[in-house]
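Q: Here's my sequence, what's the structure:
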Amino acid sequence: MIITTITTTITTRLLLLLLLLLLLLLLLLLLLLLLLLLLLLLLLLLPPPTTTTTYYYYYYY
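A: Down below sits the predicted model:
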């Protein structure tokens with residue numbers, strides 16, 4: 001009886017740890033996706049590089 005209870009508690013703890021690890025991985029993936037989306041938005045919002053170079057040329061003149 002005691003041995004079985006110990007093994008069950010160990011297995012449940014291992015399962016809980018695995019679930020926690022999976023959750024952490026999911027959170028990391030979500031964060032990465034959010035970062036990628038933010039980068040894409042920044043690239044879209046910023047003007048293309050050609051216009052910025054022309055602006056720089058105007059400043060030089």
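
Q: Quick one: mean pLDDT for the longest helix along the chain?
A: When the chain is parsed with DSSP state H, its longest helix is helix 2-45. Helix 2-45 comes out with an average pLDDT of 89.

Q: roughly how far out does that helix sit from the chain middle?
A: 11 Å (Cα atoms, centre = their mean, to the nearest Å).

Q: which secondary structure elements does it contact?
A: Under the contact definition 3 or more Cβ pairs under 8 Å, 6 or more residues apart in numbering; DSSP states H and E, helix 2-45 sits against no other helix or strand. The C-beta positions use only the backbone N, C-alpha and C, and glycine is treated the same way.

Q: Enumerate every residue touching Leu16.
A: Leu16 makes contact with no residue, according to Cβ atoms under 8 Å, 6 or more residues apart in numbering.

Q: how near is it to Leu32?
A: 25 Å (Cβ to Cβ, to the nearest Å).

Q: same thing with Leu46?
A: Distance, Leu46 to Leu32, using Cβ to Cβ: 21 Å.

Q: Please apply the same query to Leu41.
A: 15 Å.

Q: Could you do Leu42 as well?
A: For Leu42 relative to Leu32 (Cβ to Cβ), the value is 16 Å.

Q: again, but for Leu39
A: Distance of Leu39 to Leu32, given as Cβ to Cβ: 11 Å.

Q: cool, and Leu20?
A: Applying Cβ to Cβ to Leu20 and Leu32 gives a distance of 19 Å.

Q: ditto for Thr12
A: In this view, Thr12 and Leu32 are 31 Å apart by Cβ to Cβ.

Q: What of Leu21?
A: Leu21 is 17 Å from Leu32, by Cβ to Cβ.

Q: Ok, Leu17 next?
A: As judged by Cβ to Cβ, Leu17 and Leu32 stand 23 Å apart.

Q: How about Leu44?
A: Counting by Cβ to Cβ - Leu44 and Leu32 are separated by 19 Å.

Q: of those two, who's got more company?
A: Leu32 (10 against 7; other Cβ atoms under 10 Å).

Q: show me the contacts for the more buried one.
A: No contacts exist for Leu32 under Cβ under 8 Å, 6+ apart.
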